[in-house]
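J.: Sequence below, structure please.
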Amino acid sequence: MVLLADERARLYGRRQEDAEDEERLATLSKWQEAWDRSTKARWTHRLIPNIRVWIERRHGELNYHLTQLLTGHGFLKHHSRRYDYNQSAQCPVCPSSIENAEHVFYHCPRFSEERERLYSLLHEVMTPENTPRLMLASEPNWLAVASFAYSVVTRLRDEETDRRFDDAARRRRHSNQASMKRITPTPPSP
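T.: Below is the predicted model:
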């Protein structure tokens with residue numbers, strides 16, 4: 001908000017079209033500097049290092065599933081662990097790996113079929129470094145990556161739902177067993 005307010009103040013008294021273009025470039029430059037200096041959102045910065053290229057894209061709408069790929073938030077165990085300290089951040093398939101966005105979307109064998117399907121559409125292996133270039137190259141590429149993100153995030157969500165259901169059932173069984181022990185009379189000693 002502060003950057004936009006500064007931009008409006010600098011616009012005052014200049015030829016509208018030229019001033020807007022110059023000030024937008026100045027704002028983007030300041031935003032880029034802040035983005036590069038920040039210690040937060042490093043995963044997103046790795047995927048989208050150049051703000052201007054990203055915001056001036058000609059196609060592509062962000063959605064829930066793409067946002068999880070681009071931010072590393074959502075149904076990833078590494079992220080969910082922030083809210084559920086009893087949960088391990090380890091990948092259930094690759095115990096030596098943390099289940100974070102890079103592992104899930106780019107490496108985990110659990111999603112190799114989805115990555116192969118994406119490769120068949122992009123004709124290139126998607127990496128964190130080439131993701132924005134591939135997405136911005138064409139609308140079909142954007143849609144292919146969006147479809148890939150949808151498939152992966154949907155599976156992660158389903159796995160998390162199953163895990164929570166199993167945990168709840170386990171707690172109910174344990175609670176019922178504890179209740180039965182309290183209710184069951186102890187036979188008298190001989």
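J.: I would like the residues contacting stretch 51-71, please.
T.: 28, 31-32, 35, 41, 43-44, 47-48, 73-76, 101, 105, 131-132, 135-136, 138-139, 142, 145-146, 149-150, 152-154 (CB atoms under 8 Å, 6 or more residues apart in numbering). The way it works is simple: take the backbone N, C-alpha and C, and place the C-beta from them, glycine included.
J.: so how many other residues sit close to the residue lying closest to Ala41 once chain neighbours are set aside?
T.: Of all residues beyond its chain neighbours, the one nearest Ala41 is Thr71 (7.2 Å), with distances taken as CB to CB, 6 or more residues apart in numbering. Neighbours of Thr71 under the rule other CB atoms under 10 Å: 15.
J.: what about Leu4, distance to Glu23?
T.: 10 Å (CB to CB, to the nearest Å).
J.: Any figure for the gap between Cys108 and Glu114?
T.: Taken as CB to CB, the span from Cys108 to Glu114 is 10 Å.
J.: for Thr39, same thing?
T.: Taken as CB to CB, the span from Thr39 to Glu114 is 31 Å.
J.: Same check on Thr44?
T.: Applying CB to CB to Thr44 and Glu114 gives a distance of 21 Å.
J.: Heading C-terminal from the least confident helix or strand in the chain by mean pLDDT, find the next helix or strand.
T.: Lowest by mean pLDDT, DSSP states H and E among the helices and strands of the chain is helix 77-80, with a mean of 71. Under the assignment DSSP states H and E, the closest C-terminal helix or strand after helix 77-80 is helix 101-102.
J.: Run through the residues that contact Met135.
T.: 60, 141-142, 145.
J.: Redo the residues you listed as TSV? Include pLDDT, neighbour count and distance to Ser88.
T.: Below are the contacts of Met135 laid out as TSV (pLDDT from 0 to 100; neighbours: other CB atoms under 10 Å; distance: CB to CB, whole Å):
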residue	pLDDT	neighbour count	distance to Ser88
Gly60	96	17	35
Asn141	98	21	35
Trp142	99	19	34
Val145	99	24	29
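J.: Name the surrounding residues that touch the least confident helix or strand of the chain.
T.: 72-73, 87-91, 98-101, 160.
J.: I'd like these as JSON lines, with distance to Gln16 appended.
T.: Formatted as JSON lines, the contacts of helix 77-80 follow (distance: CB to CB, whole Å):
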{"residue": "Gly72", "distance to Gln16": "40"}
{"residue": "His73", "distance to Gln16": "39"}
{"residue": "Gln87", "distance to Gln16": "54"}
{"residue": "Ser88", "distance to Gln16": "57"}
{"residue": "Ala89", "distance to Gln16": "52"}
{"residue": "Gln90", "distance to Gln16": "56"}
{"residue": "Cys91", "distance to Gln16": "54"}
{"residue": "Ile98", "distance to Gln16": "51"}
{"residue": "Glu99", "distance to Gln16": "50"}
{"residue": "Asn100", "distance to Gln16": "46"}
{"residue": "Ala101", "distance to Gln16": "42"}
{"residue": "Glu160", "distance to Gln16": "51"}
